[in-house]
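# this one's sequence-less:
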């Protein structure tokens with residue numbers, strides 16, 4: 001009986017240690033995105049390619065030639081639309097944007113989802129409260145995004161009045177942070 005109890009406790013201790021090491025390697029408190037672990041020691045592109053929910057975004061980043069930029073030092077805050085966000089666009093929009101002749105437009109749209117700096121959810125909420133309910137952020141594309149709270153959810157509004165809700169916040173990366181959003185944001 002003592003042998004069985006010892007074996008059980010040894011197994012439990014090993015399992016706990018293994019999950020602790022695994023959590024530390026994966027970034028610990030980082031949420032899963034698109035069924036994949038997001039690692040704090042990997043950059044935005046290295047993590048995004050593993051998310052089943054971001055295949056359209058990754059294809060667009062590749063088509064726009066932004067892989068090197070988003071793999072760079074940063075830090076960047078990326079509002080990353082899921083595949084279903086792109087599906088909300090008018091039929092044929094994504095296919096048209098992915099054509100080489102539309103690279104400049106695609107690049108402008110994608111960089112409109114990126115803000116310089118490492119803006120975690122707490123930072124964004126703090127800025128919203130300081131701004132009496134709204135916080136404005138300048139994107140890498142040069143446009144403006146406005147963040148606000150709707151209930152307890154952070155919503156980001158583009159220059160055209162389109163809104164996108166943050167569905168997963170604070171996905172930490174080696175070169176910044178990703179906030180998963182449910183709609184594509186469009187510049188003027």
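Yep, that arrived. Just so we're clear, the structure is a prediction, and the values are computed from it rather than from any experiment.
# now the strand or helix carrying residue 164: average pLDDT?
Assigned by DSSP states H and E, residue 164 belongs to strand 163-173. For strand 163-173, the mean pLDDT works out to 95.
# check stretch 105-125 too.
Mean predicted confidence for stretch 105-125 is 95.
# where do the helices sit along this structure?
2-26, 44-48, 55-63, 67-70, 83-87, 93-97, 103-111, 121-130 (DSSP state H).
# lowest-pLDDT helix or strand in the chain?
Confidence across the helices and strands of the chain bottoms out at helix 2-26, with a mean of 35, counting by mean pLDDT, DSSP states H and E.
# what residues go with each domain of this protein?
Using automatic domain parsing, the domains assigned to the chain come out as 1-26, 31-181.
# so what's residue 149 bridging to?
residue 154 (DSSP bridges).
# and it, what does it touch?
Residues near residue 149 by CB atoms under 8 Å, 6 or more residues apart in numbering: 125, 128, 133, 155. Where C-beta positions appear, they are placed from N, C-alpha and C, glycine not excepted.
# what about it, distance to residue 139?
As judged by CB to CB, to the nearest Å, residue 149 and residue 139 stand 20 Å apart.
# with residue 93 instead?
For residue 93, the distance to residue 139 - CB to CB - is 20 Å.
# compare these two (neighbour count), which wins?
residue 139 (21 against 14; other CB atoms under 10 Å).
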